[in-house]
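Novice: dropping a prediction and its sequence here:
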Amino acid sequence: MSFSFRVQQLVAKTLTLLLVSTLSFGQAPYLLTDADAIHRIDKYVEVFVDTSNAAKVDDVLAGEFQSHFYPSHGNLTFGYLKSTIWLKVTTRESSPGRQWYLEIPAPFLEYVDFYQHDNNTWHHSIAGYYRAHHLREVSHTNHVLPLEFGENGISTVYIKIDGRSPKTFPLNVVEKGKFVEKTRLEDLGYGIFFGILFVMFFYNLFIYFTLRQTNYLLYICTIVCTFFIFSSASGYAGKFLWPESPVMNYYGGRLSLGVLAIFLAIFTIRFLEVRQYSKVMYYILLTLIPLAVFSIVLVATETLSSAGNNLLSIATVAFMLTGIVCRIRGNKTATYFIVAWTIYLIGGLLLTLRNSGVFDFNFWTTHFVEIGAALETMLIAFALGDRYRRLKREKEEAQALALQLQQEATFKLEVNVKERTEQLYNANQELQVIVETNKKQTKIIEDKNAELDAFFYRISHDLKGPIASLLGLSELAKMEVKDDSALGYLEKQHSQVERLNNIITGLINLTQLNHADLCKQEIEFEKMIDECIGSFQGIPNFSSIIFRRIVEPDIRFQTEWTLLNAILQNLIENAIKYSRGQSPHVEIRVQRENGHVVLEVEDNGQGIAQEHQVRIFEMFFRATPNASGRGLGLYILKRSVDKLQGTIDIRSEVGLGSTFTVRLPLKVNVD
């Protein structure tokens, strides 16, 4: 080989290097050698942070713009930076003919644009959380670009990353065979994770339909929310569930965070019976519910896209503290709960610190949250089972104790029954003697009642004649007397004689007539009440008494007028006689109630002692030592009510007054 030829080769290589340097704008290319390795090239990338978000691709590709780029030194941690990130990646293949992929394994990035130098032109391809899969050059859960190498073996790519998601990510270059293997392993891992969620879903659904316990239904809802959150965050929902509706990634994942917080708060309250163990933690968990609703609104309106993540971070701590408090205060089921949320908290903490740049982007910081979620799901399911077994065991123990107590009670009952049977036998023997005695006494009482009825009948008939004469004479006297004052007295005398005549007629009907023989007529209650009250004007304290009448209108009622009048007369007379105090009053009420006419006469008099109320309607019984009469009035009253197939009751309290209540059926049975 001649010297001139060697010089020509040296010049050619120098020109080639200069050309490469020109195409890559001064960036040293990363040499791709090992096809079995995942080349992480974070430190070989140059970065430009566009704080104004105004730079266009033509600006970035211009030669004079390259001074804005600076070496990354392996730091691609930007946190929740809102500015647009530009990356410049230059690689060089060592062995032509291999297919290499540039990969950003961060599915949550919203907008990713690749600009790759290809045959003296710049080719634009897109990826990202908010991009439909058919628009991507490679449909993958991550953001992937097949690298194109020029004739010089160099690939130059500019990457634009935009959006509100955390901008913390690695940058990998992987040979096709290794990329396929890596994808399979990731799919297998997430397949196991989602498989666990599906198994837990159907397992708890089966238990719910078996036991019908609300806790299992609430837990099923948390599993569903967990599935949507992780399937969206990992990119699998965007790839398989709604590949052409990328907006569902946002709403399906981030809105589920707030919904999950609501279900978890209610589930925790019920599962740990928080109100029983800690009122403070109970109200803290209740507060999470409106906060979750507020976070959902913030996310839905895109006011604060990280609101759900922030809330769930706070809620996770609250759930774990609740478990600790309940366990300290005696809730044994809380042990599983504490362990489950501790694992989940560690995974969430690692992910948060990774996104913030504290930890590196590796397997554990990326996937421990999924591991924690899977373990948390299984542990809570075990906790539910443990709680159910505990409740079942306590129920069985309670049933065993109840059975034992029942057996003891049965034995004692048998002994008591035997003793009481003997006592009953002896009492029955004594009762036979008493019954025979009572039969004789009842016969004596019936004979006395018959004698009394006969006496009333004879007396009444004996009085009918003189009373009829008095009525006739008073009528003649009214016709002869012209003096108004004397005529007024005669009117009062005539009304009293009529009242006496009615009483006598009532006594005759009481002692002789059956209900079917009574002469029934339509009753005008207001008129009857007024006549009864007017007949007592001669009583000394009549003028000081306030009478109140409450009569329900349009009561249609037919009965024996003389008996009903006698009943009202007796009740009103007693109320007047025993009224006391500064403002005595008598209230008469008539109303319909459940097929009956109810008459009530209430006074605020001296009242009747409780021990006398059971005997108040007995013959010749007087409740108070100062009672006038011989104790026949209420006895006759009771028999009059019985004759009308009604009932009479008394409510009375000494010093406060009495209320007599008579109930008469609107329709009666005829004997």
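Specialist: In hand now; what should we look at? Numbers count the residues shown, from 1 in each chain.
Novice: surely residue 528 touches residue 568?
Specialist: Yes - between residue 528 and residue 568 a contact is recorded at 6.2 Å, counting by Cβ atoms under 8 Å. Using the backbone N, CA and C atoms, a C-beta is placed for each residue, glycine as well.
Novice: neighbour count for these two, which is higher?
Specialist: Neighbour count, other Cβ atoms under 10 Å: between residue 528 and residue 568, residue 568 has more, with 22 against 18.
Novice: for residue 560, give me phi and psi.
Specialist: phi -70, psi 110 (degrees, to the nearest 10).
Novice: so it touches residue 520, yeah?
Specialist: Yes - distance between residue 560 and residue 520: 6.2 Å, which falls inside the contact criterion (Cβ under 8 Å).
Novice: for those two, indicate the residue with more neighbours.
Specialist: Applying other Cβ under 10 Å to residue 560 and residue 520 shows that residue 560 carries more neighbours, namely 23 against 12.
Novice: that one and residue 600: what is the separation?
Specialist: Residue 560 sits 20 Å away from residue 600, going by Cβ to Cβ, to the nearest Å.
Novice: what's the answer for residue 177, then?
Specialist: For residue 177, the distance to residue 600 (Cβ to Cβ) stands at 102 Å.
Novice: quick one: which of those two has more around it?
Specialist: Set side by side, residue 177 and residue 600 give different neighbour counts by other Cβ under 10 Å, the larger being at residue 600 (18 against 12).
Novice: could you say which helix or strand contains the more buried one?
Specialist: strand 596-603 (DSSP states H and E).
Novice: partner strands of that strand, parallel or antiparallel?
Specialist: Pairing partners of strand 596-603, with direction, according to DSSP bridges: strand 585-593 (antiparallel), strand 657-665 (antiparallel).
Novice: now do the helices in the stretch 51-200 of the chain.
Specialist: 57-61, 176-211 (DSSP state H, counting those that start in this stretch).
Novice: now the stretch 201-350 of the chain
Specialist: Listed in chain order, the helices found in the stretch 201-350 of the chain under DSSP H, counting those that start in this stretch are 214-233, 236, 247-271, 274-277, 279-300, 307-328, 334-356.
Novice: so which of those helices comes closest to residue 375?
Specialist: Across these, residue 375 has its closest neighbour in helix 334-356 (5.0 Å, Cβ to Cβ).
Novice: could you measure the residue nearest the centre of the chain against residue 211, distance?
Specialist: The central residue of the chain, meaning the one whose C-alpha is nearest the mean C-alpha position (Cα atoms, centre = their mean), is residue 266 at 10.7 Å. Counting by Cβ to Cβ, the gap between residue 266 and residue 211 amounts to 18 Å.
Novice: also residue 297?
Specialist: Taken as Cβ to Cβ, the spacing of residue 297 relative to residue 211 amounts to 35 Å.
Novice: ok, residue 97 next?
Specialist: Counting by Cβ to Cβ, the gap between residue 97 and residue 211 amounts to 63 Å.
Novice: and the two? which has more neighbours close in?
Specialist: The neighbour count for residue 97 versus residue 211, taken as other Cβ under 10 Å, is higher for residue 211 (12 against 6).
Novice: report pLDDT for the more buried one.
Specialist: The score at residue 211 is 77. That number is its pLDDT.
Novice: ok now stretch 32-50, how far from the chain's centre?
Specialist: Stretch 32-50 has its average C-alpha position 56 Å from the chain's average C-alpha position, going by Cα atoms, centre = their mean, to the nearest Å.
Novice: now swap in stretch 259-279 and tell me
Specialist: Its chain's average C-alpha position is 13 Å from that of stretch 259-279, according to Cα atoms, centre = their mean.
Novice: repeat that for stretch 58-68.
Specialist: Computed by Cα atoms, centre = their mean, the chain-centroid distance of stretch 58-68 equals 63 Å.
Novice: could I get the buried residue list for it?
Specialist: Of the residues in stretch 58-68, those with enough neighbours to count as buried (16 or more other Cβ atoms under 10 Å) are 60-61, 66.
Novice: also stretch 201-209?
Specialist: Going by neighbour count (16+ other Cβ under 10 Å), the buried part of stretch 201-209 is 201, 203-204, 207-208.
Novice: now the strand or helix carrying residue 436: average pLDDT?
Specialist: Residue 436 is located in helix 363-480, with elements delineated by DSSP H and E. If you average the pLDDT over helix 363-480, you get 67.
Novice: also stretch 664-671?
Specialist: This predicted structure assigns stretch 664-671 an average pLDDT of 73.
Novice: how many neighbours does the nearest residue to residue 135 once chain neighbours are set aside have?
Specialist: Beyond its immediate neighbours in the sequence, the residue positioned closest to residue 135 (Cβ to Cβ, 6 or more residues apart in numbering) is residue 126, lying 5.6 Å away. Here the count is done by other Cβ under 10 Å, and residue 126 has 17 residues near it.
Novice: could you do the one 5 residues further on as well?
Specialist: The burial count assigned to residue 131 is 18, neighbours taken as other Cβ under 10 Å.
Novice: mind listing what the nearest residue to it once chain neighbours are set aside touches?
Specialist: Ranked by Cβ to Cβ, 6+ apart and with sequence neighbours excluded, the top spatial neighbour of residue 131 is residue 246, at 5.9 Å. Residue 246 is in contact with 128-132, 238, counting by Cβ atoms under 8 Å, 6 or more residues apart in numbering.
Novice: distance to residue 186 added to those, as TSV?
Specialist: What follows is the contacts of residue 246, written out as TSV (distance: Cβ to Cβ, whole Å):
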residue	distance to residue 186
128	19
129	17
130	22
131	20
132	21
238	15
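Novice: using a markdown table, lay out these together with pLDDT and distance to residue 223.
Specialist: Written out in a markdown table, the entries for the contacts of residue 246 read as follows (pLDDT from 0 to 100; distance: Cβ to Cβ, whole Å):
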| residue | pLDDT | distance to residue 223 |
| --- | --- | --- |
| 128 | 90 | 28 |
| 129 | 85 | 24 |
| 130 | 87 | 27 |
| 131 | 89 | 29 |
| 132 | 89 | 28 |
| 238 | 86 | 20 |
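Novice: between those residues, which sits nearest residue 400?
Specialist: residue 238 (56.0 Å).
Novice: run a quick check on the closest one versus residue 129, I expect a contact.
Specialist: Yes - counting by Cβ under 8 Å, residue 238 does reach residue 129; the two are 7.0 Å apart.
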